[in-house]
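> next one to model:
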Amino acid sequence: MKNVTISMDDELARLTRIAAARAGQSVSKYLAEAAREKMKADDDVTETQRRNIQLEALERIWAGPKWDVTENGRMPTAEERNARR
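Predicted coordinates for the structure are as follows:
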């Protein structure tokens, strides 16, 4: 386990000590848990952003020009689709 020194203003330090005491934890454990939760939240946001980018790409594809494959108002048969031209 590593020891880390941090700096914060007096008011924040006081509030942190109070919050840690209410949680029944040391300030060190309280801050470590807060950092862990923050990193998990950041990872969740990154994953959500990645999914949104993929969804936007799919929506652009689906919104693109339609490809009319009908012939004389009907879908081609398998033989017509696979006929060598």
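> and the helices in the chain?
Using DSSP state H, the helices of the chain run over 10-23, 27-62, 78-82.
> make CSV from these and add mean pLDDT and distance to residue 3 to it.
In short, each C-beta sits where N, CA and C put it, glycine included. Compiled in CSV, the helices of the chain are given as follows (pLDDT from 0 to 100; distance: least, Cβ to Cβ, whole Å):
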stretch, mean pLDDT, distance to residue 3
helix 10-23, 97, 17
helix 27-62, 91, 9
helix 78-82, 86, 70
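> export those to CSV and tack on mean neighbour count?
Below are the helices of the chain laid out as CSV (neighbours: other Cβ atoms under 10 Å):
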stretch, mean neighbour count
helix 10-23, 12
helix 27-62, 11
helix 78-82, 8
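> got JSON lines for the ones you listed, with distance to residue 72 too?
Compiled in JSON lines, the helices of the chain are given as follows (distance: least, Cβ to Cβ, whole Å):
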{"stretch": "helix 10-23", "distance to residue 72": "73"}
{"stretch": "helix 27-62", "distance to residue 72": "26"}
{"stretch": "helix 78-82", "distance to residue 72": "11"}
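> to residue 70, which of those lies closest?
When the helices of the chain are compared by Cβ to Cβ, helix 78-82 sits nearest residue 70, at 11.1 Å.
> hmm, who's touching that closest one?
Helix 78-82 has contacts (Cβ atoms under 8 Å, 6 or more residues apart in numbering) with residue 71.
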